[in-house]
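A.B. asks: following is a predicted model, sequence given first.
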Amino acid sequence: MNIDLTDTTASKINKALVKGRRAIGTPAVGMVLTLVIVTDEENAYDALRAANDASREHPSRTLVVIKRVSRTSRDRTQSRLDAEVRVGADAGTGETVVLRLYGEVVDHAQSVVLPLLLPDAPVVVWWPVNAPLDPAGDPLGALAQRRVTDSYAAEQPVRGLTARAGTYTPGDTDLAWTRITPWRSMLAAALDQVTCEVRAVEVEGEEFNPSCELLAMWLADRLDVPVRRSVSGGPGLTGVRMDTDCGPIVLDRADGTLATLSIEGQPDRAVALKRRDTADLIAEELRRLDPDDTYASALRFGVERLTAPRAGETSGSGRAADAGEPADGGAPEGAGEPEADAGTAAPERVTPKALAKKAAAQ
């Protein structure tokens, strides 16, 4: 059931929600959280479809905030709020309100959203594109317990990770981190099968892919070993090689679907590492609403230590550096920006079994 409201208010939208629930015979509110999606008109459809799919696992009230661009100075002085209320089959297993903001009300989106939040329920804000540099400092982000961004959609995704480290607030997370959950689980499980000491790691994947950088930073942070970041043609992450005193451990995924895990002294095995869609990523993030300390630690490790090219290397021919070693030659990407946790002590060495337990706890 769809209800269109033109030049409306938050009070009228709430009344439309009650009317819609009664019309379909479900007057009770059974949602567990409020998901606020801040996007533009171009990306609203895909974001809403992903949210509706995720609502099968997490019934929620979804508020889609679309800030419309004013074409003339007169339009910028005329505030208007249009809304589309969806309940029943058109809204997955929850409720959906699409809010289109015009004029001066664009700068006060939090005033529109606040009366529509479910009472006594967690709030999650998701920016599919154009996320603010400081999500917690954004007026809408300040309403939420959990703030989800996607560095992959940024114009400079790798440099964006440096900005995220500088503004991190407990509750922040990124879909680039969510994408590597299966990789982290598989690598931790592989290390739990051996008693070897890891000496060095190489992470291979697309250039300027934030998921590759985050995986490299996580390994460097947890294992306290040099991590080399190398470039491949993709798609996405294509492989991780860990050199140990018992032989190499290799997790290779060339086609974006099926990976091969190779451990010295054991037969190769095929493992499923399919690239997941946005709905699966959002559903995973909604399963936990507490701060992700592991993400924070990996993010603050410092992306510059992985992405700066060595002397004699070009950006497209093996853009790599060893974690914990300064880059030779030119200034690294993101130079001029303060390095996160500069001057702190090296992270404590973590054994393979401890790493597996940390990953299993995610």
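C.D. replies: Looks like it arrived, so ask away.

A.B. asks: and Thr62, helix, strand or coil?
C.D. replies: Taking DSSP: H, G, I helix; E, B strand; the rest coil as the rule, one finds Thr62 in the strand state.

A.B. asks: quick check, it in contact with Ala54.
C.D. replies: No - using CB atoms under 8 Å, Thr62 is not in contact with Ala54, being 9.2 Å away. (Glycine included, C-beta is placed from N, CA and C.)

A.B. asks: quick check: Asp172 touching Pro135?
C.D. replies: Yes - Asp172 sits in contact with Pro135 when judged by CB under 8 Å, with a separation of 5.6 Å.

A.B. asks: compare those two (neighbour count), which wins?
C.D. replies: Pro135 (27 against 23; other CB atoms under 10 Å).

A.B. asks: contacting residues for that one?
C.D. replies: Contacts of Pro135 were listed using CB atoms under 8 Å, 6 or more residues apart in numbering, and they are 125, 127, 141, 147, 149, 167, 169, 172.

A.B. asks: one more time with 7 Å, if that's ok
C.D. replies: By CB atoms under 7 Å, 6 or more residues apart in numbering, the contact list for Pro135 reads 141, 147, 149, 172.

A.B. asks: over to Gln110?
C.D. replies: Contacts of Gln110 (CB under 7 Å, 6+ apart): 139-140, 143.

A.B. asks: before we move on, back to that, pull up the overlap in contacts between Asp172 and Pro135.
C.D. replies: Arg147.

A.B. asks: quick one: residues contacting the residue lying closest to Trp126 once chain neighbours are set aside.
C.D. replies: Closest residue to Trp126 apart from its sequence neighbours, by CB to CB, 6 or more residues apart in numbering: Val148 at 4.3 Å. Shown in contact with Val148 (CB under 7 Å, 6+ apart): 124, 126, 173, 175, 285.

A.B. asks: the third one: what secondary structure?
C.D. replies: Spelled out, it's Thr173. Thr173 ends up strand, using three-state DSSP.

A.B. asks: identify the bridge partners of it.
C.D. replies: For Thr173, the beta-bridge partners are Val148 (DSSP bridges).

A.B. asks: any idea what sits nearest Asp268, other than its immediate chain neighbours?
C.D. replies: Residue nearest to Asp268 in three dimensions, not counting chain neighbours: Ser262, with 5.0 Å by CB to CB, 6+ apart.

A.B. asks: I'd like the mean pLDDT over the helix or strand hosting that neighbour, please.
C.D. replies: Per DSSP states H and E: Ser262 is located in strand 258-263. Mean per-residue pLDDT for strand 258-263: 92.

A.B. asks: after it, next one along is what?
C.D. replies: Defined by DSSP H and E, the subsequent element after strand 258-263 is strand 269-272.

A.B. asks: send the alpha carbons of that next one over as CSV?
C.D. replies: What follows is strand 269-272, C-alpha atoms only, in CSV (Å, rounded to 0.1, in the frame of the first residue of the first chain):
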residue,chain,number,x,y,z
ARG,A,269,40.7,-27.2,-0.7
ALA,A,270,38.1,-25.1,-2.4
VAL,A,271,36.2,-22.6,-0.3
ALA,A,272,33.2,-20.4,-1.2
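
A.B. asks: tally of neighbours for the closest residue to Cys246 other than its chain neighbours?
C.D. replies: Once flanking residues are discounted, Cys246 sits nearest to Cys196: 3.6 Å by CB to CB, 6+ apart. By other CB under 10 Å, 18 other residues sit near Cys196.

A.B. asks: which SS state does Cys196 fall under?
C.D. replies: Cys196 - assigned by three-state DSSP - is coil.

A.B. asks: just the CA trace of the helix or strand hosting Val85, in CSV.
C.D. replies: With elements taken from DSSP H and E, the one containing Val85 is strand 80-87. Output in CSV follows, covering the C-alpha atoms of strand 80-87 (Å, rounded to 0.1, in the frame of the first residue of the first chain):
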residue,chain,number,x,y,z
ARG,A,80,8.8,21.8,1.0
LEU,A,81,8.6,18.2,2.2
ASP,A,82,7.1,15.5,0.0
ALA,A,83,6.7,11.9,1.3
GLU,A,84,5.8,8.5,0.0
VAL,A,85,4.6,6.1,2.7
ARG,A,86,4.8,2.4,1.9
VAL,A,87,3.4,-0.4,4.1
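
A.B. asks: report all helices and strands that it contacts.
C.D. replies: strand 2-5, helix 10-23, strand 95-102 (3 or more CB pairs under 7 Å, 6 or more residues apart in numbering; DSSP states H and E).

A.B. asks: which of the contacts of Pro135 sit farthest apart?
C.D. replies: Gly141 and Thr149 (9.5 Å; CB to CB).

A.B. asks: can you show me the strands along the chain?
C.D. replies: 2-5, 33-39, 60-67, 80-87, 95-102, 123-126, 146-149, 172-174, 198-205, 227-231, 237-244, 247-252, 258-263, 269-272 (DSSP state E).

A.B. asks: against Met217, how distant is Gly302?
C.D. replies: 7 Å (CB to CB, to the nearest Å).

A.B. asks: now the chain, which segments are flagged as low pLDDT?
C.D. replies: 26-29, 70-77, 89-92, 306-362 (pLDDT under 70).
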